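Undergrad: give me coordinates for this.
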Amino acid sequence: MATIESPDRILQVVASLEGGAAEHVIFLSYALRTEGLEVEITAPTDNASKHNKIERYGIPFHPLPLPSSYPLAALFRLRTLIRSGGFTHIHVHGHRAACIVRLAMLLLKNAPPLVYTVHGYHPAHYPRAIARFIANGIEKLLSPFTNAFICVSNSTRAELLQAVSWIEQRCFIVENGVSIGIPSQFIIDDFRNCFRSEWEIPDDAFIIGTVARLHWQKSIHRLLEAFASLSEEFDQDILVIVGDGPEEERLENLAEELGIDDRCLFFEYMSDVHSMYMAMDLFVLPSLWEGLPLTVLEAWCAGTPVVVTDVSGSRDLVEDGLDGFVAENSVQGIADAIRRARRSANLFPEMIDHAHRKYLKQYTPRTMLERTRAVYDFCLR
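TA: Residues are numbered from 1 along each chain as shown. A predicted model of the protein is given here:
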């Protein structure tokens with residue numbers, strides 16, 4: 001993509017720096033700036049490491065009151081920022097940010113075009129019918145004030161259109177991209193050996209792991225239960241859980257209750273988390289739903305085979321038996337898929353090769369940037 005002579009000025013908005021959407025916003029903003037666009041971010045400062053990353057990248061940042069705690073303060077802060085910022089586009093990420101930004105823009109004259117990226121349509125998966133009804137109703141009311149919708153997978157688009165069918169002509173698919181590179185086998189083996197040495201893990205032990213925000217959506221408790229159910233069959237396996245979040249203490253207590261705490265290693269999310277994938281023999285994502293899981297792409301790039309549950313977002317990415325294993329969406333299903341993967345280790349190199357080719361064809365930063373720019377251009381027609 002050629003450098004833009006007259007850069008657009010984009011304000012990226014996310015309601016929290018916790019979670020994968022914030023990581024995507026930071027990466028997207030940095031990548032767009034390398035293409036010549038002026039990009040700024042507004043978000044709460046509720047995650048110090050990601051806030052520091054924004055500062056290191058030199059991306060202008062505007063602190064935002066936490067919308068879930070201070071909705072009116074966030075609304076008027078956004079109104080002031082958008083009115084005075086001279087932005088050509090407002091790009092919001094996630095339903096909380098989309099709701100508060102659209103309300104703020106209703107208070108403005110001549111508001112810039114609004115692009116809304118749906119990182120998984122969460123209301124479709126709310127357990128309570130009344131919550132789904134209210135969330136879908138809000139989306140129906142506010143959808144006329146959105147110039148374009150970006151969905152990160154076919155499943156997400158289908159779930160959004162089921163709730164708001166009339167936006168089809170301005171609803172686009174832009175899959176997430178990651179840019180961590182594909183390390184050589186020497187680097188993978190070297191880190192794997194160092195990790196095992198540091199944590200006194202035998203060379204022949206099989207390491208199952210996950211990287212996720214410890215939130216109920218990710219359903220990490222099911223991975224613990226599945227791992228426990230396989231304990232007698234694979235009694236030397238180790239489980240590595242990388243992440244933090246509201247369920248951290250509950251999950252640590254569950255590991256102790258299940259009698260597997262001596263074979264579970266919990267790590268907080270870290271800036272060099274990508275290296276942790278290389279320590280794993282198998283990556284498992286037991287989510288209840290996803291938009292498009294970046295962690296699967298990251299595991300692929302690290303040369304680690306994956307197991308995912310048969311849910312929206314994950315099933316869009318992984319083809320069972322080709323580039324990973326798709327588990328029935330239950331504890332038993334996850335256990336069965338892990339067992340199937342353990343017994344199919346001879347297929348791992350072929351699966352990773354297929355995954356690498358898929359990544360290079362569809363999930364690179366270049367593809368994501370080109371499609372995002374196309375949506376920005378659509379809004380100016």
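
Undergrad: buried residues in the host helix or strand of Phe133, which are they?
TA: Here Phe133 sits within helix 129-142, counting by DSSP states H and E. Buried residues in helix 129-142, counted by 16 or more other C-beta atoms under 10 Å: Arg132, Ala135, Asn136, Ile138, Glu139, Leu142. Heads up, the C-betas are built off the backbone N, CA and C, glycines and all.

Undergrad: got the residues you listed as CSV, with pLDDT and distance to Ser184 columns?
TA: As requested, these are exported to CSV (pLDDT from 0 to 100; distance: C-beta to C-beta, whole Å):
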residue, pLDDT, distance to Ser184
Arg132, 93, 47
Ala135, 93, 46
Asn136, 94, 48
Ile138, 94, 49
Glu139, 94, 46
Leu142, 95, 48
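
Undergrad: each with direction, which strands does the next helix or strand after the helix holding Phe133 pair with?
TA: Downstream of helix 129-142, the next assigned helix or strand under DSSP H and E is strand 148-151. Strand pairing for strand 148-151, using DSSP bridges, gives strand 114-118 (parallel), strand 171-173 (parallel).

Undergrad: now do the following helix or strand past strand 148-151 against helix 129-142, angle only.
TA: Later in the chain than strand 148-151, the nearest helix or strand by DSSP H and E is helix 154-163. Between helix 154-163 and helix 129-142, the angle comes out at 80 degrees (axes from the mean of the first three to the mean of the last three C-alpha atoms, to 10 degrees).

Undergrad: just the local confidence number for Glu298, please.
TA: Reported pLDDT at Glu298 in the predicted model: 93.

Undergrad: name the helices or strands packed onto the host helix or strand of it?
TA: Applying DSSP H and E as the criterion places Glu298 in helix 294-301. For helix 294-301, the elements it packs on are helix 20-34, strand 207-211, helix 274-279, strand 282-285, strand 306-309, helix 314-317, helix 348-362, judged by 3 or more C-beta pairs under 8 Å, 6 or more residues apart in numbering; DSSP states H and E.

Undergrad: returning to what we had before: closest to Leu230 out of the buried residues of helix 129-142?
TA: Nearest to Leu230 among the buried residues of helix 129-142 is Arg132, at 34.7 Å by C-beta to C-beta.

Undergrad: surely that closest one meets Ile138?
TA: No - in this structure, Arg132 is not within contact of Ile138 by C-beta atoms under 8 Å, at 11.0 Å.

Undergrad: show me what the closest residue to Leu285 other than its chain neighbours is bridged to.
TA: Across the structure, with C-beta to C-beta, 6 or more residues apart in numbering as the measure, the residue nearest Leu285 apart from its sequence neighbours is Val308 (4.8 Å). With DSSP bridges as the criterion, Val308 is bridged to Leu285, Val326.

Undergrad: and Val308, what does it touch?
TA: Val308 makes contact with 284-285, 287, 293, 296, 314-315, 317-318, 324-327 under the criterion C-beta atoms under 8 Å, 6 or more residues apart in numbering.

Undergrad: quick one: residues in contact with stretch 45-58.
TA: So stretch 45-58 is contacted by 16-18, 22-23, 26, 29-30, 33, 41, 61, 63, 66, 269, 271 (C-beta under 8 Å, 6+ apart).

Undergrad: actually stretch 294-302, not the one I typed
TA: Contacts for stretch 294-302 (C-beta under 8 Å, 6+ apart): 20, 23-24, 176-178, 180-183, 188, 210-212, 274-275, 277-278, 280, 283, 285, 305-306, 308, 314, 317-318, 323-324, 352, 355-356, 358-359, 363.

Undergrad: buried ones from the residues you listed, can you make that a ChimeraX selection?
TA: The following ChimeraX line selects those of the contacts of stretch 294-302 that are buried, judged by 16+ other C-beta under 10 Å:
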select :20,23,24,176,177,178,183,188,210,211,212,274,275,277,278,280,283,285,305,306,308,314,317,318,323,324,352,355,358,359,363
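
Undergrad: who touches the nearest residue to Ser287 once chain neighbours are set aside in this structure?
TA: Spatial nearest neighbour of Ser287, excluding adjacent residues (C-beta to C-beta, 6+ apart): Lys218 at 5.2 Å. By C-beta under 8 Å, 6+ apart, the contact set of Lys218 is Thr210, Ala212, Gly243, Leu285, Pro286, Ser287, Leu288.

Undergrad: thought the first one was touching Val284?
TA: Yes - Thr210 sits in contact with Val284 when judged by C-beta under 8 Å, with a separation of 5.3 Å.

Undergrad: mind giving me the domain split of the protein?
TA: Domain assignment of the chain by automatic domain parsing yields the ranges 9-177+364-379, 185-362.

Undergrad: how close does Val211 sit to Lys53?
TA: 17 Å (C-beta to C-beta, to the nearest Å).

Undergrad: can you check Lys358 too?
TA: The value you get for Lys358 to Lys53, if C-beta to C-beta is used, is 28 Å.

Undergrad: cool, Thr156 as well?
TA: Note on Thr156: its distance to Lys53, by C-beta to C-beta, is 26 Å.

Undergrad: and the two? Which one has more around it.
TA: Shown here are Thr156 and Lys53; by other C-beta atoms under 10 Å, Thr156 has more neighbours (28 against 18).

Undergrad: quick check, pLDDT for the more buried one.
TA: Value for Thr156, per-residue pLDDT: 96.

Undergrad: surely it meets Gly313?
TA: Yes - with contact defined as C-beta under 8 Å, Thr156 reaches Gly313; the gap is 6.6 Å.
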